[in-house]
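J.: this is a predicted model, with the sequence first.
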Amino acid sequence: MWSLLNKISKNLVIAIPVMMVAGFVYGLLTEAAPLKALILPFTFLMVYPMMVTLKIRKVLEGGDTKAQVLTQVVNFAIIPFVAFGFGKLFFPNSPYLALGLLLAALVPTSGMTISWTGLAKGNLAAAVKMTVVGLIVGSLATPFYVRGLMGAQVDVELLSILKQIVLMVFLPMVAGYFTQRALVRRYGQERFQNTWAPLFPSLSVLGVLGIVFIALALKARAVAANPEQLLTIFIPLLLLYLFNYGLSTVVGKMLLPREDAIAMVYGTVMRNLSIALAVAINAFGAAGSEAALVISLAYVVQVKSAAWYVKYTDKVFGPVPAKSQPQKCAG
């Protein structure tokens, strides 16, 4: 089973569209409303495993301060407002599609930040720290960004979103931390890192696929009535990711050493779409499925673009210096 899940994890760019099509067909052929009962368990399955491998203590370590500050400036002072602008431009009459674009831009970093930074021979320690800071700050800030930017267009209940964030992010984070500590005590740090930690992201992928299936099933009849909507969603998503790659690449090349610059690119472009998806589908009722559709398509753009970018890393930032040794992945 684990080898199958591992293969699915490595082929998300195929698995996500397959589940979208499956959910779409299911939603056309049957009544999808009963699937709402599965949202909470799939949300937990999506978020909790991700938290078990999170290295919270890394945030307390020093070094790479400049890269950390620049990354969070891009993540919280620029990208959410660019996403909001694209939402206003492309979805003037569809506020929940605009909300989906904003949510996709609000919670930066995920396990992908660490994985792709490692593949591109970037600064892994910096990437781990960016992931922890981005997840915590993004989760706390999301309700206020949504209320401030979208409050006039969609029904935003601040306390309801905060409650969902606590339930979907911080409780799994606490549970994940104690699970990690328990496994380390029982099996030791090395065995946890080599044997147990690689299993959890695959479980998280199951949750992602389940939520994507449900989101498309709930939205299937609306999409069938307006299929060109998918194209109109892809365009602003592509522009948002292109802007993010371009900005982070230029800033990184100008102001940071090679390895820190690579970590910054993946610490800003990779978004925690699982959290965004969980917020969209749990905090906004039936209308949230429209926002979830945007976030589901963002998975396709994010995974594919990261794979392309890593191929051109040496051309963009130059080859790995001869004396620079690859670092071991910490997360």
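T.: It's in. Everything numeric here is computed off the predicted structure, so don't read it as measured data.

J.: what about the helices in the stretch 51-200 of the chain?
T.: Taking DSSP state H, counting those that start in this stretch as the test, the helices found in the stretch 51-200 of the chain are 65-73, 79-90, 95-106, 111-119, 124-150, 158-165, 171-187, 189-191, 200-225.

J.: what's the closest of those helices to residue 254?
T.: helix 65-73 (10.0 Å; CB to CB). Glycine gets a C-beta too; all of them are placed from N, C-alpha and C.

J.: what's next to the closest one, contact-wise?
T.: The list of residues contacting helix 65-73 from outside it, by CB atoms under 8 Å, 6 or more residues apart in numbering, reads 108, 123, 126, 129-130, 133-134, 137, 251-252, 255-256, 260-261, 263-264, 267-268.

J.: repeat that with 10 Å
T.: Outside helix 65-73, the residues that touch it by CB atoms under 10 Å, 6 or more residues apart in numbering are 59, 64, 79, 108-109, 113, 122-123, 126-127, 129-130, 133-134, 137-138, 248, 251-252, 255-257, 259-268.

J.: and that helix, which residues are buried?
T.: 67, 68, 70, 71, 72 (16 or more other CB atoms under 10 Å).

J.: out of those, what pair is the most spread apart?
T.: For those, the maximum inter-member distance is 9.8 Å, found between 67 and 72 (CB to CB).

J.: run the chain-centre distance for stretch 100-111.
T.: When distances are taken as CA atoms, centre = their mean, to the nearest Å, stretch 100-111 is centred 5 Å away from the chain's centroid.

J.: now that stretch: average pLDDT?
T.: What stretch 100-111 shows for mean pLDDT is 86.

J.: returning to that earlier point: among the helices of the stretch 51-200 of the chain, which is nearest residue 280?
T.: When those are ranked by proximity to residue 280 (CB to CB), helix 95-106 comes first, at 5.5 Å.

J.: what angle sits between the closest one and helix 124-150?
T.: Using axes from the mean of the first three to the mean of the last three CA atoms, to 10 degrees, the inter-axis angle of helix 95-106 relative to helix 124-150 is 150 degrees.

J.: counting by contacts, list what helix 95-106 packs against.
T.: Contact analysis of helix 95-106 by 3 or more CB pairs under 10 Å, 6 or more residues apart in numbering; DSSP states H and E lists helix 79-90, helix 124-150, helix 229-255, helix 273-283, helix 288-311 as its packing neighbours.

J.: how about a cut-off of 6 Å?
T.: helix 79-90, helix 124-150, helix 273-283, helix 288-311 (3 or more CB pairs under 6 Å, 6 or more residues apart in numbering; DSSP states H and E).

J.: of all the ones you listed, which lies closest to residue 99?
T.: Proximity of these to residue 99 was assessed by CB to CB; the nearest stretch is helix 288-311, lying at 4.6 Å.

J.: pull out the buried positions in the next helix-or-strand element following the closest one.
T.: Taking DSSP states H and E as the definition, the helix or strand that follows helix 288-311 towards the C-terminus is helix 313-317. When neighbours are counted by 16+ other CB under 10 Å, the buried residues of helix 313-317 are found to be 313, 316, 317.

J.: let me know the closest of these to residue 83.
T.: Taking CB to CB as the measure, residue 83 sits nearest to residue 316 out of the buried residues of helix 313-317, at 23.6 Å.

J.: gap between the two ends of stretch 184-202?
T.: Using CA to CA, to the nearest Å, the end-to-end distance of stretch 184-202 comes to 19 Å.

J.: residues contacting it, please?
T.: 5, 6, 9, 49, 52, 53, 111, 183 (CB atoms under 6 Å, 6 or more residues apart in numbering).

J.: tell me the pLDDT at the first one?
T.: If I follow you right, that is residue 5. Taking residue 5 on its own, its pLDDT is 76.

J.: relative to residue 208, how far out is it?
T.: Noted for residue 5: a distance of 12 Å to residue 208, by CB to CB, to the nearest Å.

J.: same check, this time on the fourth one
T.: Using CB to CB, one obtains 10 Å as the distance from residue 49 to residue 208.
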